[in-house]
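Asker: I would like to see how this sequence folds:
(one chain, ligands or ions: 1)
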Amino acid sequence: MITTSSALDLANSLLRSCPSCGGATWRAALTTAEVRIVTCAACTLGQTLPPPAESDGGEALSKDAAYYRRFYEEQSEFRRRLTIPMLQVLAEFASTGQILDVGCGLGFFLDVASRHGGYRCVGIDMSTAATDFARCTLGLDVRTGDFSKERFAEVFDAITMNHVLEHISAPVPFLERARTVLAPGGIVVSSSPNFAGWLARALGARWYGLQPSQHVWQFTPASYATLFRRAGFSVLAVRTGSLYYPWGPGWKAPAVWGVARAAAILGHGDNMFLVARRP
Ligand SMILES: [Zn+2]
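Answerer: Residues are numbered from 1 along each chain as shown. All right, here's what the predicted structure looks like:
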């Protein structure tokens, strides 16, 4: 429950100006036992209050090599399959060239993109454990560090970001940095959970994509596009898909599975892909 004193703390931690549109009016959208989500009245961007401690690459597991080892051993093929929708969107807008995957983690996307997509691949992630793994086990060209400070000798034809921007406190400078390492006409393909999707609305605090201990922002298609335009990009497409929901026994898991797919087909899925071009 939000008490009066914690409500004051929340008010003090609110970022007054919306990073997507510059608006300054926020409306209560969702309250859980731990956090409140407020949305920008102008562009619908959601903000998690208080801001999550595990943001900007500071996730608790980022240095845990055993976690990543287990992750690889138990989920390798499953995680590779999950990269396919992103690769399909990328291939539609940039069928060849050199790509940079920002927040590449263990490197599953880059592994699939290089072996099956024919791309020349570079990755960067702040997790020492994940990037060690990507280099040593998958043999990928992956750097360890903060993307916003890294200096690249290369210029890229495309940048991919898979569930990254919702973790970044200052997303506009982050995207402006992305623009500078892209070739003219280069594209960004970025995915994030869709706070305006049907399942997000139906499940509220139980929605898997909320992740309030890590997600600074709860993006919607409108606020996502506004953010990229503010950072100097031309938005080419915003599409929705579905987060992963396993089929299971009983009626709840199949019901969620079905709604997730129907919503994605009808443009209200709870995952989204944005494609933007550097002018
Ligand atoms: Zn806004």
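Asker: what's the separation between the residue nearest the centre of the chain and residue 211?
Answerer: Nearest residue to the geometric centre of the chain (Cα atoms, centre = their mean): residue 163, 1.8 Å. Distance of residue 163 to residue 211, computed by Cβ to Cβ, to the nearest Å: 9 Å. The C-beta positions use only the backbone N, C-alpha and C, and glycine is treated the same way.
Asker: next one: the residue nearest to the centre of the chain from residue 74, what distance?
Answerer: Applying Cβ to Cβ, the value for residue 163 to residue 74 is 19 Å.
Asker: can you check residue 22 too?
Answerer: To residue 74, residue 22 is 44 Å away according to Cβ to Cβ.
Asker: also residue 220?
Answerer: 33 Å.
Asker: so for those two, which residue has more residues nearby?
Answerer: Taking neighbours as other Cβ atoms under 10 Å, residue 220 and residue 74 compare with residue 220 leading, 25 against 10.
Asker: surely the more buried one meets residue 201?
Answerer: No: the criterion here is Cβ atoms under 8 Å, and residue 220 misses it with residue 201 at 10.6 Å.
Asker: who does residue 274 bridge with?
Answerer: Listed beta-bridge partners, residue 274: residue 190, residue 238 (assigned using DSSP bridges).
Asker: what's the pLDDT at it?
Answerer: Confidence at residue 274, expressed as pLDDT, is 98.
Asker: and for residue 121?
Answerer: Looking at residue 121, its pLDDT reads 97.
Asker: next one: residue 68
Answerer: pLDDT recorded at residue 68 is 72.
Asker: so which bits of the biggest helix by length in the chain are buried?
Answerer: The longest helix of the chain (DSSP state H) is helix 65-82. Of the residues in helix 65-82, 68, 71, 72, 79, 82 count as buried by neighbour count, 16 or more other Cβ atoms under 10 Å.
Asker: ok, the third one touching residue 111?
Answerer: No: with contact defined as Cβ under 8 Å, residue 72 does not count as touching residue 111 (10.9 Å).
Asker: shared neighbours, those two?
Answerer: The contact sets of residue 72 and residue 111 do not overlap (Cβ atoms under 8 Å, 6 or more residues apart in numbering).
Asker: give the contact list for residue 264.
Answerer: By Cβ under 8 Å, 6+ apart, the contact set of residue 264 is 240, 241, 242, 270, 271.
Asker: close to the ion: what parts of the chain are there?
Answerer: Residues of the chain lying near the ion by Cβ under 5 Å from the ion: 18, 20, 21, 23, 40, 42, 43, 45.
Asker: can you select the buried ones among those residues for me in ChimeraX?
Answerer: Applied in ChimeraX, the following selects the buried portion of those according to 16+ other Cβ under 10 Å:
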select :18,20,21,23,40,42,43,45
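Asker: just put the residues of the chain next to the ion in TSV and tack on pLDDT and secondary structure.
Answerer: Below are the residues of the chain next to the ion laid out as TSV (pLDDT from 0 to 100; DSSP: H, G, I helix; E, B strand; the rest coil):
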residue	pLDDT	secondary structure
18	96	coil
20	97	coil
21	97	coil
23	95	coil
40	96	strand
42	97	coil
43	97	coil
45	98	coil
